[in-house]
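Enquirer: Okay, predicted coordinates and the sequence, questions at the end:
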Amino acid sequence: MYKVMLVDDERVILEGMSLVVDWEAVGAELVDTAKNGLEALDKMSHSRPDVVITDISMPGLDGLGLIEQASAAYPRTRFIMLSGYREFDYARRAMRYGVKHYLLKPCNENQIQSALAELLQERRRMERQEMEEGQIKQRFQRVLPHVKEQVLLEFITNRTYGPLEVKYYQEMFNLELEDHPIRLLLLRIAGGYDFSHLFALKNIAGDFLPNALMSTTLEGNLLLLLSDHTDLDRLKAEVDLARNTFTRLYKLEVTAVLSEADRIVHSRQLYKQALLCLDRSYGLGGGQLIVQEDTMSSRHTSVVEKMIEIVTRHYREANLTLNGVAQQMLYMNPDYLGKMFKKGTGENFSHYLNRYRIERACEQIRRDGDVKVFELAENYGFGGNAQYFSQVFKKWTGMTPTEYRKCETEER
């Protein structure tokens, strides 16, 4: 039964409506009455009515004031207003608070019952809708872990997954993925184990790693996607705690690789690097945490040396770019590779490449003297674009190729 409160400063109307309206016929019961808005607010805290039928003109706090304050305190409560003819425009203001039902005085019990029946029918429809939505959400929450597992698998294995998918799934999962760095944590159990051990490791990792957003099993390993909001030392401590807890409970050692921080669209490359690092650790024994950032200094040097060698061999090719080197030669993430090169040389890759090209062009000018600008542009990786070559040349030498050649001739 829905609970109803009557509010009117005229005792005769209050008592009359209480007696003549067949409340049960519309599935309601009259739980309280009040003579003005202030008294109604006080009683509402105890009786919590679903519907309030109120007059407009009352002393102390009128009907509109009651609706305004009660709507803020009890947003699910609905109202039916009673108004005299001269107060009709005043009653319309109540519609701003969601009041859809008002009756003009004098009104009889049939009009009140009809308005109440309509309002309660609307309330039942809303409750059914809320229940259905709640059931849908409940079912979604049950399958959500499995959906997240599949989505993480797709980001790792599907080449076509990119920014559009990131935006779609962050809205679905209510996660911050698009513009926030992530890390991958790859864990491998040493020795003989079965699926139940992976399941247990997944639960333990979830307990100790509050930044875990998604997890899945892949190629016999446990993979977690972590938001990179935590201090790295703290994150390493949390991973070690999860590993040690599992080892203590199941007597099996766990090797873990924590990737570098990057955007989720690069998770496929991060996974490849983490898996390679995990495979390389096979002969070193289990039970260790490998943080890629801690093992990258020597690798950085090696990779930068390879990039410098690539520039030396291919600088004459106009299509030589950082993206091409990363994706077609070294098979690494271009953003990460660019940062690595800058850290190792102090220069951006494109700056280094252009400087190297201009230095080789200067050598030819000094050696051969009279050489055409378009030939220099063709020979040193500018695709025959003499104008662009001249701009880059002047940027690095402070003079145009013609001026540089003249200066060299005069010095001779």
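Expert: Nice, thanks for sending it over. In this text the structure is predicted, and so the values were computed from the model without any measurement.
Enquirer: Quick check: the gap between S196 and L252.
Expert: To L252, S196 is 11 Å away according to Cβ to Cβ, to the nearest Å. For glycine as for every other residue, the C-beta is placed from the backbone atoms N, C-alpha and C.
Enquirer: Which one's more surrounded, the two?
Expert: With neighbours defined as other Cβ atoms under 10 Å, S196 and L252 compare such that L252 has more, 17 against 9.
Enquirer: Low-confidence regions, the protein specifically.
Expert: Along the chain, the model assigns pLDDT under 70 to residues 85-92, 281-286, 293-301, 408-412.
Enquirer: now the strands: where do they sit in it?
Expert: Using DSSP state E, the strands of the chain run over residues 2-7, 28-34, 51-55, 78-83, 101-104, 182-189, 212-218, 221-227, 254-258, 289-291.
Enquirer: Relative to the whole chain's centre, how far out is the last one?
Expert: Going by Cα atoms, centre = their mean, to the nearest Å, the spacing between the C-alpha centre of strand 289-291 and its chain's C-alpha centre is 26 Å.
Enquirer: Give me the contact list for it.
Expert: In this structure, residues lying in contact with strand 289-291 by Cβ atoms under 8 Å, 6 or more residues apart in numbering are 232, 236, 239-240, 243, 255-258, 277-278, 281.
Enquirer: Out of these, which is nearest to K339?
Expert: L232 (16.6 Å; Cβ to Cβ).
Enquirer: And that closest one, how close does it get to M81?
Expert: 62 Å.
Enquirer: More neighbours: these two, which one.
Expert: Counted by other Cβ under 10 Å, L232 and M81 do not tie: M81 has more neighbours, with 26 against 14.
Enquirer: correct me, but that one touches I56?
Expert: Yes. Between M81 and I56 there is a contact at 6.2 Å, judged by Cβ atoms under 8 Å.
Enquirer: for this structure, what's the longest helix?
Expert: The residue-count maximum for a helix in the chain (DSSP state H) belongs to helix 109-157.
Enquirer: out of the contacts of strand 289-291, who has the most neighbours?
Expert: Most surrounded of the contacts of strand 289-291: other Cβ under 10 Å gives V257, at 27 neighbours.
Enquirer: for it, what are its contacts?
Expert: Contacts of V257 by Cβ under 8 Å, 6+ apart are 185-186, 274-275, 277-278, 281, 289-292.
Enquirer: Let's have the residues you listed in a markdown table, adding distance to V21.
Expert: Formatted as a markdown table, the contacts of V257 follow (distance: Cβ to Cβ, whole Å):
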| residue | distance to V21 |
| --- | --- |
| L185 | 66 |
| L186 | 70 |
| A274 | 72 |
| L275 | 74 |
| C277 | 77 |
| L278 | 75 |
| S281 | 80 |
| L289 | 73 |
| I290 | 76 |
| V291 | 74 |
| Q292 | 75 |
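Enquirer: wait, L177 sits on Y169?
Expert: Yes. The pair L177 / Y169 is scored as a contact, 6.9 Å apart, by Cβ under 8 Å.
Enquirer: so how far is R243 from R367?
Expert: 62 Å.
Enquirer: Correction: the previous question concerned Q391.
Expert: For Q391, the distance to R243 - Cβ to Cβ - is 56 Å.
Enquirer: Tell me what angle the longest helix of the chain forms with strand 221-227.
Expert: Orientation check (axes from the mean of the first three to the mean of the last three Cα atoms, to 10 degrees): helix 109-157 against strand 221-227 gives 120 degrees.
Enquirer: how far out from the middle of the chain is helix 109-157?
Expert: 23 Å.
Enquirer: Buried ones in stretch 63-80, by neighbour count?
Expert: Of the residues in stretch 63-80, 63-71, 74, 77-80 count as buried by neighbour count, 16 or more other Cβ atoms under 10 Å.
Enquirer: if we look at that stretch, which residues are touching it?
Expert: 7, 37, 40-41, 44, 48-57, 61, 81-82, 90, 93-94, 97-99, 101-103, 112, 115-116, 119, 122-123.
Enquirer: number of nearby residues for Q387?
Expert: 10.
Enquirer: cool, and I204?
Expert: 21.
Enquirer: and the gap between I264 and K339?
Expert: I264 sits 18 Å away from K339, going by Cβ to Cβ.
Enquirer: Please identify which of those two sits among more neighbours.
Expert: I264 (27 against 14).
Enquirer: Tell me which residues touch the more buried one, please.
Expert: Counted by Cβ under 8 Å, 6+ apart, I264 has contacts 155, 166, 177-178, 182, 225.
Enquirer: any chance of those in CSV, with distance to Y356 too?
Expert: Formatted as CSV, the contacts of I264 follow (distance: Cβ to Cβ, whole Å):
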residue, distance to Y356
F155, 37
V166, 37
L177, 39
E178, 37
I182, 35
L225, 39
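Enquirer: out of these, what pair is the most spread apart?
Expert: Longest span within the contacts of I264, Cβ to Cβ: E178 and L225, 13.7 Å.
Enquirer: In contact with D42, which residues?
Expert: A34.
Enquirer: Compare the strands of the chain and give me the one nearest C362.
Expert: strand 289-291 (43.9 Å).
Enquirer: burial of L270, as a residue count?
Expert: Neighbours around L270, by other Cβ under 10 Å: 25.
Enquirer: Distance check, it against P210.
Expert: 20 Å.
Enquirer: center of the chain, which residue is that?
Expert: Centroid-nearest residue in the chain: E176, 2.0 Å away (criterion: Cα atoms, centre = their mean).
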